[in-house]
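Visitor: this one's sequence-less:
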Ligand SMILES: COc1cccc(CC(=N)NC(=O)c2cccnc2OC2CCNCC2)c1
């Protein structure tokens, strides 16, 4: 039966009706901490739980290799996400993170990590309610252990450990439809290295197009065109926080970032996250901001190339520079840094630049979910101000 597990969980089941009648907020009330299950859920007998200390080089490498060989692939199984070790440490160590939410499953015999699931704490605003949530990510079961029903018990275990920290809501994304998406996003790709993208089968040569014509079509200037466009620095954190908080206030669902969050999530970190801003040459005011994170993909079964270098649009704010020009400058710096492709979802105001900047639609969708939080009606992607890694 479809969704045997999810029908047992506090997730939205309502079909869309007029949005005034439906209540909005937690589905189940918090449980008294003394009533939260104190001991871990049972795993099949040959497996055991392990907490993954991502600061341990050895453990981080084990998790890196599990994901590199067994994590999400595209619909045609030509590419697989290849999150770097430094990216995983960044993604899992935000302010006030809980090591106990970095959960591995080891095979008792081999001691190998064969499955993984994580949570990190986040403050997410839904309309005018700021809710403490867990952002759940990196659910991965080794290819050889699929359909042993490990995922439901891993989801229950991370939920139990989140409950122990008195947090009762969560946010997550998936490429599959589960009960019940708060919104469904289309992903888009902008070619930066069209020749390689065609060689590896990520893109196809357009009808009546030659390679040289395609290279010309995607050509970009050698450097950003906006005066005052520069990398973000530590001293910019207060101004970027103000700019970002103000910009995100327009969306129905968005992170409630403070300066510590901005310092962690948006200060540039090589091969992990890149952030740029526009400082007005006259007034030195910071007027705009753009950022992208680095998530390479392994190319499965290509003789010439093994890795696709991909940038993923993160948070972008435009108050003076047109968003179109700001994002074109982001494409220009990504090309300068030898990225092959720049990806974006149609969230926030991204739809306003996608077609004009020559993004093409991807072949899949990304669904966003909230756990134990009912929303009045399904949102449009443009009402969503949350980007998960
Ligand atoms: C190109 O290599 C791929 C390797 C694995 C999967 C996909 C397709 C895909 N599923 N893409 C996305 O989910 C995606 C497309 C655009 C922007 N963000 C995305 O996902 C992010 C956010 C959710 N967690 C994964 C990374 C592509």
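Guide: Received, thanks. None of the values given here were measured: they were computed from a predicted structure.
Visitor: count of neighbours near the closest residue to the ligand within the stretch 1-150 of the chain?
Guide: Relative to the ligand, the nearest point of the stretch 1-150 of the chain is residue 79 (3.3 Å; CB to the nearest ligand atom). (Glycine included, C-beta is placed from N, CA and C.) Other residues near residue 79 number 22, with proximity taken as other CB atoms under 10 Å.
Visitor: what does the stretch 251-389 of the chain put close to the ligand?
Guide: Residues of the stretch 251-389 of the chain lying close to the ligand by CB under 6 Å from any ligand atom are 295, 297, 308, 312, 343, 345, 362, 364, 366, 388.
Visitor: residue 292 looks like it's in a helix, true?
Guide: No. Going by DSSP: H, G, I helix; E, B strand; the rest coil, the assignment for residue 292 is strand, not a helix.
Visitor: for it, list each beta-bridge partner.
Guide: residue 274, residue 313 (DSSP bridges).
Visitor: I'd say it and residue 274 touch.
Guide: Yes. Assessed by CB atoms under 8 Å, residue 292 is found in contact with residue 274 at 5.6 Å.
Visitor: what's near enough to touch the residue of the stretch 1-150 of the chain closest to the ligand?
Guide: Taking CB atoms under 8 Å, 6 or more residues apart in numbering, we find residue 79 in contact with 73, 202, 297-300, 308.
Visitor: likewise for residue 182?
Guide: Taking CB under 8 Å, 6+ apart as the contact definition, residue 182 lies against 12, 253, 368-370, 375, 378-379, 384.
Visitor: go on, residue 309?
Guide: Counting by CB under 8 Å, 6+ apart, residue 309 makes contact with 294, 296, 338-341.
Visitor: contacting residues for residue 223?
Guide: 332, 336.
Visitor: now it: how far from residue 336?
Guide: Note on residue 223: its distance to residue 336, by CB to CB, to the nearest Å, is 7 Å.
Visitor: my read: residue 380 touches residue 183, true?
Guide: Yes. Under the contact definition of CB under 8 Å, residue 380 touches residue 183, with a separation of 6.8 Å.
Visitor: more crowded one of these two?
Guide: Set residue 380 next to residue 183 and count neighbours by other CB under 10 Å: residue 183 wins out with 23 against 14.
Visitor: wouldn't that one be in contact with residue 377 here?
Guide: No. The pair residue 183 / residue 377 is not scored as a contact, 10.2 Å apart, by CB under 8 Å.
Visitor: pLDDT wise, what is residue 135 at?
Guide: At residue 135, the model reports a pLDDT of 99.
Visitor: check the secondary structure at it for me.
Guide: Going by three-state DSSP: residue 135 is strand.
Visitor: surely it meets residue 172?
Guide: Yes. Using CB under 8 Å, residue 135 makes contact with residue 172 at a distance of 7.1 Å.
Visitor: shared neighbours, those two?
Guide: Joint contacts of residue 135 and residue 172 (CB under 8 Å, 6+ apart) are residue 388.
Visitor: show me where the stretch 151-300 of the chain has helices.
Guide: According to DSSP state H, counting those that start in this stretch, the stretch 151-300 of the chain carries its helices in the segments 194-199, 211-217, 237-248, 259-266.
Visitor: so for residue 147, what's the pLDDT?
Guide: Note on residue 147: pLDDT of 85.
Visitor: revised request: answer the last question for residue 278.
Guide: pLDDT recorded at residue 278 is 98.
Visitor: so what's residue 49 up against?
Guide: 40, 43, 103-106, 157.
Visitor: leaving out the residues flanking it, which one is nearest to residue 321?
Guide: Nearest non-adjacent residue to residue 321, counting by CB to CB, 6 or more residues apart in numbering: residue 288, 4.4 Å away.
Visitor: distance of the one you found from the ligand?
Guide: Per CB to the nearest ligand atom, to the nearest Å, residue 288 is found 22 Å from the ligand.
Visitor: give me the beta-bridge partners of that residue?
Guide: Beta-bridge partners for residue 288, by DSSP bridges, are residue 278, residue 318.
Visitor: now do the contacts for the closest residue in space to residue 203 that isn't next to it in sequence.
Guide: Closest residue to residue 203 apart from its sequence neighbours, by CB to CB, 6+ apart: residue 197 at 4.1 Å. Shown in contact with residue 197 (CB under 8 Å, 6+ apart): 191, 203, 308, 340-341.
Visitor: since that was my last question, I'll sign off now.
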